[in-house]
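Novice: Predicted model and sequence below, questions to follow.
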Amino acid sequence: MQPAKDTLAWMYEKMVTSRRFENAIEKIYMEGKSPVFNMADGPIPGEMHLSDGQEPVAVGVCAHLNPEDVVTATHRPHHQAIAKGVDLKKMAAEIFGKATGLSGGRGGHMHIFDADVNFACSGIIAQGMGPAAGAALSRQIQGKPGVAVSFIGEGAANQGAFHEAMNLAAVWKLPMIVVVEDNAWGISVSKEASTAIQRNSDRAAAYGIPGHYIPGNDPLKIYEVAGEAIERARRGEGPTLIEIETYRLAGHFMGDAEGYRPEGEKDGLFAKDPIPAMRAKLLADGDFTEAELDDLENKAQAAVDEAISFARESADPKPEDALTAVFA
Amino acid sequence: MENERKLTIARAMAEATAQEMRIDPSVFVMGEDIAELGGVFGNTRGLLEEFGKERVRDTPISETGFIGAAVGAAQDGMKPVVELMFVDFFGVCFDAIYNLMAKNTYFSGGKFNVPMVLMTSTGGGYSDAGQHSQCLYGSFAHLPGMKVVSPSNAYDAKGLMTAALRDPNPVIYMYHKGLQGMGWLGTEAGAIVHVPEESYEVEIGKAAIAREGRDVTIVSIAQGVHHGLKAADKLAEQGISAEVVDLRSLVPLDRDTIRASVAKTGRLIVVDEDYHSYGVSGEIIATVTESNMADLKAAPKRIAYPDVPIPFARVMEQHCLPNADKIVAAARDLCGAPVPA
Ligand SMILES: Cc1ncc(C[n+]2csc(CCOP(=O)(O)OP(=O)(O)O)c2C)c(N)n1
Ligand SMILES: [Mg+2]
């Protein structure tokens, strides 16, 4: 399955949007945090988990999804949210904690919720899996179209919820796809140190479902494998477990000194940055001209600029709004 | 003092653990990011270097597995120290905690002991939103069979840790992120105090009078104690003498110290960063009203976190959190001194 040109353009543009968005967030996050770095300060306080380097996963999978399909994401949700079509302006405002944010500032960066495109998050590891299985079950029972995709990190495969939800999805043949983003690290603990097998996709055998490992952080390969799995789920043939080799170019969160990385690891990762790599590939294949790709980048940048300005200029919530929206 | 050695709570916890590990080979430590990183909140720093990988282990992100494993190891002669990185994560592993760790001594008629320490971080105030900012003191203290402590300063942190490590029972050791001394989180200066080098215990179940006073008793724990102390400073300027009780332990609860203080002042304010209802604040008030109604000159007050999930946005979170000004207003009200406009 090869993406059509407009899909390729969409994938590239969304990857660039995600990267530029995070570049902007990264810079603003540091405002008010120097010379003394205190997470509580600045226009964007709290923890910040960037997804730089992991964009291929998000676009390769979400290229096959419609707004009606369900995505559950993690503490590192920006790339997936952007690829799923979450409103960028409202998402930026949420990350700033503004009244115009997706949740009026109640959720913040680890709790991005956009009902319009069926996107939800949990900052608790692997806890997106149960709800994804439930959404898939609901579609099955109601005979409604749509699949559920649960994105998790490779560290999350060692959580009880992973096993429980995988088995549920398999035994009930749910239209669900679990996408494991293998960035090799769970904070400071390597996959090797925490996980008894090399590839979590091998665990699919334990549930009698297909499992695929995709090396190389390659958006086109991801597109192909995810497409087959999603088609399979749409046909009612049940879940698939996909693990994708990807890279976290940033720290676990902003402020992470990353002393646990072997020397030189970061340089090696930057050399494999998937965005320049995709640009080079699109040019080499002759599918796009430089000008076309520049246009896509400019479009991405414009969307990011607009979202960031919107967030900056929006008003803070009223303090007492904290007490509302607890119940329906 | 010139030769005073001041430590952060993080360093005090690590020092107490290291000192026990030197004399007790059954002590070992496990949790997420506690080995090479030394704990996200610094409380196991240096342990891997001194004691090696066998006794200081990073775990997979498998809290049910490794906390359950700690229970089994504790029953088998080891003394595990495990870390639940944020208390908010208890949802994925609570069975191992409250149905196993806390009950196996009782179920076995005392044939099995479960001597272990579960360290976990609490508290917000830095915009980490609703799954990374809770205190949940009441949730743990409510359930029988486990001791629960939470220090407000490094001296108590070391002594409580040593006591916890020597206790034959499971101890939940809750450390507040805002007191921990991690620069990147900001830190309450009052938590960084003199800590003796030698090993010592702070008795679990014994509250401290953090500041003596006559007119009103402010009872709290961890960060709330510092809010109380700051309020007491302001109140002193306004002619109101506040006594601040630092509970240090929630289980066992030092009811005598609370009652004695209220018997003296006749007024009670409980400060709790945990949710308002069904929690520590209600328990402290009941402790007083069950026994010394006659001592009370006014109805007790509580300043607690409202019963809502913790919001991300700074203005909303700060609106909800207890602080010195809220305590001052409550104290003035209790003492019949109108709040200045
Ligand atoms: C149940 C639970 N345990 C621990 C954490 C703390 N934590 C947040 S992110 C993280 C590492 C996650 O690693 P991985 O799943 O590989 O995702 P990545 O951060 O690499 O994207 C940990 C341990 C948590 N949020 N939830
Ligand atoms: Mg990872």
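Specialist: Great, that's in hand. Numbers count the residues shown, from 1 in each chain, chains lettered A, B, ... in the order given. Ligands and ions are numbered 1, 2, ... in the order given.
Novice: The helix or strand where residue A:303 lies packs against which elements?
Specialist: Taking DSSP states H and E as the criterion, residue A:303 maps to helix A:290-313. With contacts defined as 3 or more Cβ pairs under 8 Å, 6 or more residues apart in numbering or on different chains; DSSP states H and E, helix A:290-313 has these neighbours: helix A:5-30, helix A:88-95, helix A:274-284. (C-beta placed from N, C-alpha, C; glycine too.)
Novice: residues in contact with the residue of the stretch 101-250 of chain A found nearest ligand 2?
Specialist: Closest to ligand 2 within the stretch 101-250 of chain A is residue A:153: 3.7 Å, counting by Cβ to the ion. Residue A:153 is in contact with A:74, A:76, A:125, A:180, A:181, A:182, A:183, A:186, counting by Cβ atoms under 8 Å, 6 or more residues apart in numbering or on different chains.
Novice: out of these, who's near ligand 2?
Specialist: A:183, A:186 (Cβ under 5 Å from the ion).
Novice: Specify which member of the contacts of residue A:153 is nearest to residue B:293.
Specialist: Ranked by distance to residue B:293 (Cβ to Cβ), these are led by residue A:125 at 47.8 Å.
Novice: And for residue 275, the neighbour number?
Specialist: Using chain A here. Residues within reach of residue A:275, counting by other Cβ atoms under 10 Å in any protein chain shown, total 19.
Novice: Chain B is the one I meant
Specialist: That count, for residue B:275 with other Cβ under 10 Å as the rule, works out to 22.
Novice: and it, what does it touch?
Specialist: Residues near residue B:275 by Cβ under 8 Å, 6+ apart: B:138, B:304, B:305, B:306, B:307.
Novice: which strands and helices sit next to the one helix or strand residue A:228 maps to?
Specialist: Using DSSP H and E, residue A:228 maps to helix A:219-234. Applying 3+ Cβ pairs under 8 Å, 6+ apart, we find helix A:219-234 packed against helix A:5-30, helix A:55-62, strand A:176-182, strand A:211-214, strand A:240-245, helix A:274-284.
Novice: Just tell me which of the ones you listed ends up closest to chain B.
Specialist: Among the helices and strands packed on helix A:219-234, helix A:5-30 comes nearest to chain B, with 11.5 Å by Cβ to the nearest Cβ.
Novice: Helix, strand or coil: sort out the closest residue to residue B:31 other than its chain neighbours for me.
Specialist: Closest residue in space to residue B:31, ignoring its immediate chain neighbours: residue B:83 at 3.0 Å, by Cβ to Cβ, 6 or more residues apart in numbering or on different chains. Under DSSP: H, G, I helix; E, B strand; the rest coil, the three-state class of residue B:83 is strand.
Novice: doesn't residue B:119 make contact with residue B:83?
Specialist: Yes. Using Cβ atoms under 8 Å, residue B:83 makes contact with residue B:119 at a distance of 4.7 Å.
Novice: Now do the shared contacts for those two.
Specialist: By Cβ under 8 Å, 6+ apart, residue B:83 and residue B:119 have these common neighbours: B:31, B:43.
Novice: Dihedrals phi and psi, the residue of the stretch 101-250 of chain A closest to ligand 2?
Specialist: Residue A:153 adopts backbone torsions of phi -90, psi 160, taken as degrees, to the nearest 10.
Novice: Could you measure from it over to ligand 1?
Specialist: As defined by Cβ to the nearest ligand atom, to the nearest Å, residue A:153 lies at a distance of 2 Å from ligand 1.
Novice: The stretch 101-250 of chain A against ligand 1: which residues are in contact?
Specialist: Contact residues (Cβ under 6 Å from any ligand atom) of the stretch 101-250 of chain A with ligand 1: A:123, A:124, A:125, A:153, A:154, A:155, A:156, A:183, A:185, A:186, A:187.
Novice: Out of the residues you listed, grab the one that's most surrounded.
Specialist: Most neighbours among those, by other Cβ under 10 Å: residue A:155, with 28 neighbours.
Novice: Am I right that residue B:226 sits in a helix?
Specialist: Yes. Applying three-state DSSP, one finds residue B:226 inside a helix.
Novice: Next, count neighbours for it.
Specialist: When neighbours are counted by other Cβ under 10 Å, residue B:226 registers 24.
Novice: likewise residue A:302?
Specialist: 12.
Novice: And for residue B:148?
Specialist: Each residue near residue B:148 was counted by other Cβ under 10 Å, and the total is 26.
Novice: cool, residue A:56 as well?
Specialist: By other Cβ under 10 Å, 30 other residues sit near residue A:56.
Novice: where's it relative to residue B:213, distance?
Specialist: Computed with Cβ to Cβ, to the nearest Å, the distance linking residue A:56 and residue B:213 is 62 Å.
Novice: returning to what we had before: can you give me the buried ones in the helix holding residue A:228?
Specialist: Residues of helix A:219-234 classed as buried by neighbour count (16 or more other Cβ atoms under 10 Å in any protein chain shown): A:219-230, A:232-233.
Novice: Out of the residues you listed, which is nearest to residue A:204?
Specialist: Relative to residue A:204, the closest of the buried residues of helix A:219-234 is residue A:229; by Cβ to Cβ it sits at 10.6 Å.
Novice: can you list contacts of the helix or strand hosting residue A:141?
Specialist: Using DSSP H and E, the element containing residue A:141 is helix A:129-142. By Cβ under 8 Å, 6+ apart, the residues outside helix A:129-142 that reach it are A:70-72, A:118, A:120, A:122, A:144-150, A:152, A:156, A:161-162, A:164-166, A:168-169, A:172-176, A:178, A:233, A:239.
Novice: Select only the buried ones of the residues you listed in ChimeraX?
Specialist: When burial is assessed using 16+ other Cβ under 10 Å, the buried subset of the contacts of helix A:129-142 is captured in ChimeraX by this command:
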select /A:70,71,72,118,120,122,146,147,148,149,150,152,156,161,162,165,166,168,169,172,174,175,176,178,233,239
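Novice: and the contacts of helix A:129-142, which of them are in strands?
Specialist: Judged by DSSP state E, the contacts of helix A:129-142 include A:70, A:71, A:72, A:120, A:148, A:149, A:150, A:152, A:176, A:178 as members of strands.
Novice: thought the fifth one was touching residue A:65?
Specialist: So that's residue A:148. No. Applying Cβ under 8 Å as the test, residue A:148 and residue A:65 come out as separate, 9.9 Å apart.
Novice: residues shared between the contacts of the two?
Specialist: The contact sets of residue A:148 and residue A:65 overlap at residue A:71 (Cβ under 8 Å, 6+ apart).
Novice: mean confidence for the helix or strand hosting residue B:272?
Specialist: Here residue B:272 sits within strand B:268-275, counting by DSSP H and E. Mean per-residue pLDDT for strand B:268-275: 98.
Novice: Same question for stretch B:218-225.
Specialist: For stretch B:218-225, the per-residue pLDDT averages 98.
Novice: mind checking how far that stretch is from the chain centre?
Specialist: Chain-centre distance of stretch B:218-225: 9 Å, with Cα atoms, centre = their mean, to the nearest Å.
Novice: Could you tell me which residues make contact with residue 180?
Specialist: Chain wasn't specified; assuming chain A. Listed by Cβ under 8 Å, 6+ apart, the contact set of residue A:180 reads A:152, A:153, A:154, A:156, A:157, A:200, A:201, A:241, A:242, A:243, A:244.
Novice: should've been chain B
Specialist: By Cβ under 8 Å, 6+ apart, the contact list for residue B:180 reads B:8, B:9, B:10, B:41, B:42, B:43, B:121, B:187, B:191.
Novice: Of the buried residues of helix A:219-234, which ones also sit close to ligand 2?
Specialist: The subset of the buried residues of helix A:219-234 lying close to ligand 2, counting by Cβ under 5 Å from the ion, is empty.
Novice: And the helices and strands packed on helix A:290-313: which comes nearest ligand 1?
Specialist: Smallest distance to ligand 1 across these (Cβ to the nearest ligand atom): 13.5 Å, for helix A:5-30.
Novice: Would the closest one count as contacting ligand 1?
Specialist: No. Under the criterion of Cβ under 6 Å from any ligand atom, ligand 1 is not reached by helix A:5-30; the shortest gap measures 13.5 Å.
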